[in-house]
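> Compute the structure for the input listed below.
(4 chains)
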Number of protein chains: 2
Amino acid sequence: MAERADLGLRKSAVLHAVVEAYVRTGEPVGSETIAEHAGLGVSSATIRNEMAALEELGYLRHPHTSAGRIPTDAGYRHYVDTLPAHGRLRDAQRRAIATHFEEAILDLEEVLKGSVLLLSRLTQYAGLAVPPGASDEQLVRLELIDMGPTLMVLAIGQHGRVDKQILDRPDEIGAPAVAAAERKLRTLQGSTYVDSQARLLQMAAGVSSDEHDLLLMVADVLRLATRGERAAHVVVGGASNLADETQAWRRETLRRLFETLEREQEMLSVLQDVAADDVSVTIGAEHPTTGEWEASIVTAPFRSGEATVGTIGIVGPTRMDYLSAMASVRAVAERLSGIATELDQ
Amino acid sequence: MAERADLGLRKSAVLHAVVEAYVRTGEPVGSETIAEHAGLGVSSATIRNEMAALEELGYLRHPHTSAGRIPTDAGYRHYVDTLPAHGRLRDAQRRAIATHFEEAILDLEEVLKGSVLLLSRLTQYAGLAVPPGASDEQLVRLELIDMGPTLMVLAIGQHGRVDKQILDRPDEIGAPAVAAAERKLRTLQGSTYVDSQARLLQMAAGVSSDEHDLLLMVADVLRLATRGERAAHVVVGGASNLADETQAWRRETLRRLFETLEREQEMLSVLQDVAADDVSVTIGAEHPTTGEWEASIVTAPFRSGEATVGTIGIVGPTRMDYLSAMASVRAVAERLSGIATELDQ
DNA sequence: ATTAGCACTCTGTCGGCAAGAGTGCCAGCT
DNA sequence: AGCTGGCACTCTTGCCGACAGAGTGCTAAT
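From the prediction side, this is the model:
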């Protein structure tokens, strides 16, 4: 962020004006426009000089000799980093959020689905969320259900999460081994997912090979529920907004974007890369994946008490209304923190 | 299908040739092309006459005076209805299907997700599926779990389906009522979803108002699991294929298509409208929704024994390779029938 | 340091024109 | 009676050149 100081007040103001005009119109913006509407009290020639300097610094670029300027990813970055204050929501948006969170809260997973859709409506981009893992949640149930040819591991958490996994049942494992394992599992009800996982590994050490295998499988289900592949899936909503014709994506880019949105694994790793302590913005080529999409991601963590438990945000074109997107994401994340904290009482 | 006879062999052959050429190239096809490549042994002038007649009948249309012909929805319909035989899969496709179904089958829901992706890869369109409801499945578990401020209804079916619903717990319902309801629920384990539902309604008649409400809520969870909104959700996969640039959709149409694909309810009702006993094709304006999309849907039911339990298929542009799509959908549906039947033993 | 002025460059659009594709129809042939 | 070759006609597409418009970059003056 050394550039911020280097840039000087007026250059910064010009950059802001260019970003805002370009985001609004989608057209490259010329010096005249800025001179007239940005209220800087200087002529277009001066703006031209500033713009040339900003281009030299890598914040703006030129589609061709005689077109206006477009912000580069670095330009958007500087813009975002120097936004004077938190964006304000429009009244309608504020009301939409208030209304949305009026309903009774029962199931955090459902709330997240709804919140992602809410964000997609507020911003006209696509909403994303990573739900909490179950680490510190207590197990209300942990069962191994004998379903004949298969076994089902069933874990229910204190806040209503249900994880199931159907396992192939190796022929050599008989009902007694299952029953024995099942008895051990019952003793874990009431402890947390992480503790249970550890205790399962201990238990598995001192038992018959059949039972040993079963306990390890159960431990694995808990592992998946606490983090990683299965439990921490990604909730996507309102992706169709991205196909809107006002978004300037080429067809091929759009296809790749949708393709990745379908792959939970990949989305998860991207979101883990970009997540931060506060509202965080990742612009275009700042991350390989968003670079490929010519897209930006705005995320914010939500917390239960002090601990970050999940992430929510949006993905949209680099030509994004960052101020409004950040305000919406921040507002929704705050509400979610409230809900998550309350549910964890 | 009266038109089929009316049409005459040669007209039909011309229509087939036009459809196939258009599907292959995406360009309006002229009489010359057909005369040269369709092997009908007549001149282009004759083809022109036939084409004019087909246009008169509403099977072909003309983008403008001097362009080739494009099939109308009715043209595709006739083409599909008069396809001489079942399409054959290419060896690579056959192998892809065989490989895909080699894995151990544990969970029908997982199998469906995989099958939908398989179909989307085989056809380059988007895969769709409606999973079975639970009507005749037996309940392995039916529980009402007291989670403090909320209650969770949990139903587990014999084939591994898990339905949960978190309920708001009205203040006036105390632990005794929950425990009493819970005892009644246990007696239902082993009966089918539909039977249990009926018996719950009977039970609810003769008990205290608190318990009455609880039992009705549980019955409602079972109702949703057997049909309708919640249980019979729609599995979608490979939707990004539809954004491929070779598909001629306008941006706005594409957006609407994606938007609807996100709405399970709407998709479900569309799929229920178009489903039939065998491989079924719905072309463009034959259904309001597919009409709006300029798309076609190919579906086939899959069965357990004799009973149809679910639907699988694809959605793609009306300019679709119907023969190959039908062959793929048929092949996958047959495999699924095998799996569903086996799981139901 | 700023600005007015101006030459320059590049895009986008429009009209015209030629080539090409494909039709529709007619007259003659089998 | 049905098919076909021939031909005029129509419409699209691509291309060219011209032109207006937008916006820049530079220079000289303040």
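
> ok, which stretches of the stretch 101-250 of chain A are helices?
Counting by DSSP state H, counting those that start in this stretch, the stretch 101-250 of chain A has these helices, from start to end: A:108-123, A:175-186, A:193-205, A:209-226.

> so which of those gets nearest chain B?
Each of the helices of the stretch 101-250 of chain A has some distance to chain B by C-beta to the nearest C-beta; the shortest is helix A:108-123, at 8.0 Å. For the C-beta atoms, the positions are set from N, CA and C on the backbone; glycine is no exception.

> which intervals of chain A have sub-threshold pLDDT?
Applying pLDDT under 70 to chain A flags residues A:1-6, A:228-232.

> Kindly report the residues of it close to DNA strand D.
Contact residues, chain A versus DNA strand D (C-beta under 7 Å from any atom of the strand): A:27-33, A:44-45, A:48, A:51-52, A:55, A:62, A:65-69.

> winner for burial among the helices of the stretch 101-250 of chain A?
helix A:108-123 (a mean of 22; mean count of other C-beta atoms under 10 Å in any protein chain shown).

> which helices and strands does it pack with?
helix A:91-100, strand A:126-130, strand A:235-237, strand A:307-317, helix A:322-343 (3 or more C-beta pairs under 8 Å, 6 or more residues apart in numbering or on different chains; DSSP states H and E).

> Now do the second one: which elements does it pack against?
For strand A:126-130, the helices and strands in contact under the criterion 3+ C-beta pairs under 8 Å, 6+ apart are helix A:108-123, strand A:235-237, helix A:264-274, strand A:307-317.

> Just confirm yes or no for the second one near chain B.
Yes - under the criterion of C-beta under 8 Å from any C-beta of the partner chain, chain B is reached by strand A:235-237 at A:G237.

> Touching that strand from outside, list them.
Applying C-beta atoms under 8 Å, 6 or more residues apart in numbering or on different chains, the contact partners of strand A:235-237 are A:112-113, A:116-117, A:119-120, A:126-131, A:261, A:267, B:262.

> Pull out the buried residues from that strand.
Judged by neighbour count using 16 or more other C-beta atoms under 10 Å in any protein chain shown, the buried positions of strand A:235-237 are A:235-237.

> now stretch A:226-243
Applying a neighbour-count criterion of 16+ other C-beta under 10 Å, one finds A:226, A:231-232, A:234-243 buried in stretch A:226-243.

> between the residues you listed, which is nearest A:A96?
Taking C-beta to C-beta as the measure, A:A96 sits nearest to A:G238 out of those, at 13.4 Å.

> didn't that closest one look like it was pressed against A:R121?
Yes - A:G238 is within contact range of A:R121, at 6.7 Å (criterion: C-beta atoms under 8 Å).

> Compute the first-to-last residue distance for stretch A:99-109.
18 Å (C-alpha to C-alpha, to the nearest Å).

> which of the residues in that stretch are buried?
A:100-101, A:105-109.

> what about that stretch, distance to the chain center?
Distance, stretch centre to chain centre, for stretch A:99-109: 19 Å (C-alpha atoms, centre = their mean, to the nearest Å).

> cool, stretch A:99-116 as well?
The chain centroid and the centroid of stretch A:99-116 are separated by 16 Å, computed with C-alpha atoms, centre = their mean.

> Break chain A into its domains for me.
Using automatic domain parsing, the domain ranges for chain A come out as A:2-81, A:91-132+A:232-344, A:139-230.

> re the thing from before, so can I have JSON lines of the helices and strands packed on strand A:126-130 showing distance to A:A325?
Listed next are the helices and strands packed on strand A:126-130 as JSON lines, based on distance: least, C-beta to C-beta, whole Å:
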{"stretch": "helix A:108-123", "distance to A:A325": "5"}
{"stretch": "strand A:235-237", "distance to A:A325": "15"}
{"stretch": "helix A:264-274", "distance to A:A325": "14"}
{"stretch": "strand A:307-317", "distance to A:A325": "6"}
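
> do you know which of those lies nearest A:A331?
Here helix A:108-123 is closest among the helices and strands packed on strand A:126-130 (C-beta to C-beta), at 8.6 Å.

> Now do the closest one and helix A:322-343, the angle between them.
Computed by axes from the mean of the first three to the mean of the last three C-alpha atoms, to 10 degrees, the angle separating helix A:108-123 from helix A:322-343 equals 160 degrees.

> What is the neighbour count of the residue of chain A at minimum distance from DNA strand D?
Here chain A gets closest to DNA strand D at one residue, A:G30, 2.9 Å apart by C-beta to the nearest atom of the strand. Look at A:G30: counted by other C-beta atoms under 10 Å in any protein chain shown, it has 18 neighbours.
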